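K.L.:
Whatever this is, show me its structure:
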Amino acid sequence: MKLRALLIGVAAAAVAISSGVSAQADEAVYGVLLKTLSNPFWGAMEKGIHDGADAAGAKYFMQAVESDQAAEPQLNTCNTMLERKPAVMITAAINSTILLPCLKQANDMGIPVVDLDANLDHDIAAKAGVKIAFTIGSDNTAAGRQGADWLVGKLGKDAKGPVLVIEGLAGNITGQKRAQGFRDELAKAAPGLNVVASLPGDWDGQKAANITNDTLTRNPDLVAIFCANDTMALGAVEAAYAAGKGQQITIMGVDGNVDAVKSIKAGRLNASVAQLPYLVGKQAVEKAKAVLAGQTVDEYTYVPTLVLTKQVLEENKEPMLQYVK
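P.N.:
Residues are numbered from 1 along each chain as shown. You can find the predicted model right below:
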């Protein structure tokens with residue numbers, strides 16, 4: 001664990017150096033706080049931030065924590081970042097409340113706050129005295145609905161059988177919206193597909209594998225699994241194949257990260273609702289620059305999503321595939 005944290009710290013330092021943080025003290029430097037670089041989703045977003053900064057002529061420094069669950073360490077990292085007085089704080093909070101004390105302090109210092117991937121609840125933030133300049137990400141509820149519609153298109157609206165939903169970290173608004181969107185749409189589109197369990201997998205592949213194993217014990221006729229991110233979906237895939245049911249269960253995730261793409265091409269993971277984190281990161285920097293210039297920016301910006309399947313990837317005709325990193 002310590003080695004992993006050290007490697008992440010080294011990577012973050014490398015980004016800071018390569019991004020020109022050694023620039024003059026009076027030059028605007030953006031602060032970027034991600035969740036973890038060990039998740040390919042955030043790695044793709046960092047690439048977008050890097051390219052967006054290059055295009056905008058902006059400088060930035062970036063920090064990340066050890067895992068998607070390291071809430072307290074993320075708050076500590078946020079507080080430390082404020083000591084450098086960034087021009088803007090671009091943040092991907094682990095949950096909707098953990099960073100609020102730090103972000104309130106940022107606002108008090110005159111630093112705008114940007115919400116990456118809709119991890120902050122605007123109403124909760126406002127009650128804590130935090131003003132969010134803008135949120136950019138995918139519509140997570142719509143992504144869940146899109147996953148359900150794809151599943152119903154594959155299995156049929158008259159399909160029947162048990163379905164498992166594996167949510168993200170308990171208390172995280174992103175995972176909650178993805179799971180809720182999926183459940184609500186599935187109930188309308190194919191009432192015979194019954195969600196027998198909807199459990200938090202904490203964005204962790206091994207936990208998702210354990211949940212899959214437990215659910216299969218109680219529901220050996222499981223027909224589908226929806227996971228709120230790809231890391232968990234890949235864990236579910238491994239558990240299903242280990243149980244000899246990899247070809248019988250339709251499994252999908254959300255994010256469209258590089259590991260999911262490999263698994264889909266290999267015919268193991270069936271689908272992923274691609275969130276295009278690269279595009280989120282790129283546009284976040286562009287819009288942050290506009291905010292600093294005093295321009296008006298929409299409170300919410302949602303980038304497109306698309307369902308990645310083996311057919312979509314092999315045909316390679318979808319224009320948005322250029323943003324799948």
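K.L.:
Count the neighbours of Gln63 for me.
P.N.:
When neighbours are defined as other C-beta atoms under 10 Å, Gln63 has 20 of them. For the C-beta atoms, the positions are set from N, CA and C on the backbone; glycine is no exception.
K.L.:
Could I get the contacting residues of it?
P.N.:
By C-beta atoms under 8 Å, 6 or more residues apart in numbering, the residues touching Gln63 are Ala12, Gly31, Val32, Leu33, Leu34, Thr77, Thr80, Met81.
K.L.:
which element is the last one on?
P.N.:
To tie it back to what came earlier, the one meant is Met81. Using DSSP states H and E, the element containing Met81 is helix 71-82.
K.L.:
Can you work out which other helices and strands pack against the helix or strand immediately after that helix in the chain?
P.N.:
For helix 71-82, the succeeding helix or strand toward the C-terminus, using DSSP H and E, is strand 88-91. Judged by 3 or more C-beta pairs under 8 Å, 6 or more residues apart in numbering; DSSP states H and E, the packing partners of strand 88-91 are strand 29-33, helix 71-82, helix 100-108, strand 113-116, helix 277-292.
K.L.:
Output the contacting helices and strands for the third one.
P.N.:
It stands for helix 100-108. helix 71-82, strand 88-91, strand 113-116, helix 122-127.
K.L.:
for the shortest one, same thing?
P.N.:
Using 3+ C-beta pairs under 8 Å, 6+ apart as the contact test, the elements touching strand 113-116 are strand 88-91, helix 100-108, strand 132-137, helix 277-292.
K.L.:
Any chance you could list what contacts the longest one?
P.N.:
When you say that, I think you mean helix 277-292. Contacting residues not belonging to helix 277-292 are listed as 28, 30, 41-42, 44-53, 55-56, 58, 60, 87-88, 90, 112, 114, 116-117, 133-134, 136-138, 255, 257, 297, 301, 303, 323-325 [C-beta under 8 Å, 6+ apart].
K.L.:
List buried residues within those residues.
P.N.:
The neighbour-count criterion (16 or more other C-beta atoms under 10 Å) marks 30, 41-42, 44-46, 48-50, 52-53, 56, 58, 60, 87-88, 90, 112, 114, 116-117, 133-134, 136-138, 255, 257, 297, 303, 323-325 among the contacts of helix 277-292 as buried.
K.L.:
Distance-wise, check Lys104 relative to Gln74.
P.N.:
The gap separating Lys104 from Gln74 is 15 Å, by C-beta to C-beta, to the nearest Å.
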